[in-house]
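Undergrad: Need a 3D model of the sequence below.
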Amino acid sequence: MTPDQLIALLHRHWAQTLAELDADERAQLLRRVAALGDAVGRGPTLRAVRDVGRMLHRLPAHHPVGAALNDAVRFAGPDTGREAVVDRARLVDLLGFLSGPPPTADEILDTTRRRLLRAPARGADAALAAVADAAADDLIRLHHPELGHRYPEFQFTPGTDELRPVVREVNRLLLAGQDPWGAADWWLGGNTWLDGVPAELLDAVPHELILAAARALVEDD
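TA: Next up is the predicted model:
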């Protein structure tokens, strides 16, 4: 299991994870997650992931994080090859949760949504042509409590109101119309397959690689 996969799994099931730990275990997990955030380089990062994983192996087999770790934890061998990717924005969220009382599922969701709404986006007026031409799953639409509907900027060809074809394809794979927050989190979070944030790599890597990363997620589910 890669660093980003572990962080994403924790982030998705954080409330359930904390519910299974006592105060001492939570403090220990805080130290290990903090060490993951401070790790630099492939070797130290993977060792920090391993330390977090060992702790979470204590979780019951039916727990979603425990089940995934018990079934599929895999680590790289020598400290060579591609750099390990760590989604530090998510780690900051997790450390904040660990430092205070156990969060509710709604609090976790709210924190994730606030992070996604901080990304560059345009309102409905600026996205009018794309919205009119898009099917439900083609375009990510997020609701801002003050600004109304927001459309993450990475979806559009720069300088236009046209939807990027690769974004349309990936959004369809991710069922963006049904789960816009989940699709936005995939685009704006770290991705081990791509060694970076998909939205930031749209002009840097072949679009076939971005599609392959999205397909890998769907096939894993």
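
Undergrad: C-alpha from now on. contacts and neighbour counts both.
TA: Noted.

Undergrad: Any idea what the residue nearest to Leu142 when sequence neighbours are not counted is bridged to?
TA: Nearest non-adjacent residue to Leu142, counting by Cα to Cα, 6 or more residues apart in numbering: Arg150, 5.1 Å away. When bridges are assigned using DSSP bridges, the partners listed for Arg150 are Gly123, Leu142.

Undergrad: give me every residue that touches Arg150.
TA: 121-124, 141-144 (Cα atoms under 8 Å, 6 or more residues apart in numbering).

Undergrad: Got the domain ranges for the chain?
TA: Domain assignment for the chain, taken from automatic domain parsing, gives 1-118, 120-221.

Undergrad: ok, of those, where does mean pLDDT dip lowest?
TA: Per-stretch mean pLDDT for the domains of the chain is lowest at domain 1-118 (a mean of 65).

Undergrad: Could you check which helix or strand contains Thr111?
TA: Counting by DSSP states H and E, the element that carries Thr111 is helix 105-117.

Undergrad: how about that helix as PDB, C-alpha atoms only?
TA: Coordinates of each C-alpha in helix 105-117 appear next as PDB, following Å, rounded to 0.1, in the frame of the first residue of the first chain:
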ATOM      1  CA  ALA A 105     -18.200  11.700  10.000                       C
ATOM      2  CA  ASP A 106     -19.800  15.100   9.200                       C
ATOM      3  CA  GLU A 107     -16.800  17.000  10.500                       C
ATOM      4  CA  ILE A 108     -14.500  14.900   8.300                       C
ATOM      5  CA  LEU A 109     -16.600  15.500   5.300                       C
ATOM      6  CA  ASP A 110     -16.800  19.300   6.100                       C
ATOM      7  CA  THR A 111     -13.100  19.600   6.400                       C
ATOM      8  CA  THR A 112     -12.500  17.800   3.000                       C
ATOM      9  CA  ARG A 113     -15.100  20.000   1.300                       C
ATOM     10  CA  ARG A 114     -13.500  23.200   2.600                       C
ATOM     11  CA  ARG A 115     -10.200  22.100   1.300                       C
ATOM     12  CA  LEU A 116     -11.600  21.400  -2.200                       C
ATOM     13  CA  LEU A 117     -13.500  24.700  -2.300                       C
END
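
Undergrad: In that helix, which of the residues would be classed as buried?
TA: Along helix 105-117, the positions that meet the burial threshold by neighbour count (16 or more other Cα atoms under 10 Å) are 108, 112-113, 116-117.

Undergrad: same check, this time on stretch 129-142
TA: Residues of stretch 129-142 classed as buried under the neighbour-count rule (16+ other Cα under 10 Å) are 130-131, 137-142.

Undergrad: re earlier: can you select the buried ones among the contacts of Arg150 for me in ChimeraX?
TA: This is the ChimeraX syntax for the buried subset of the contacts of Arg150, where burial follows 16+ other Cα under 10 Å:
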select :121,122,123,124,141,142
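
Undergrad: Can you lay out the contacts of Arg150 as TSV showing distance to Ala214?
TA: Output for the contacts of Arg150, formatted as TSV (distance: Cα to Cα, whole Å):
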residue	distance to Ala214
Ala121	22
Arg122	24
Gly123	26
Ala124	26
Arg141	19
Leu142	20
His143	23
His144	26
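
Undergrad: Out of the contacts of Arg150, which is nearest to Asp51?
TA: Leu142 (35.8 Å; Cα to Cα).
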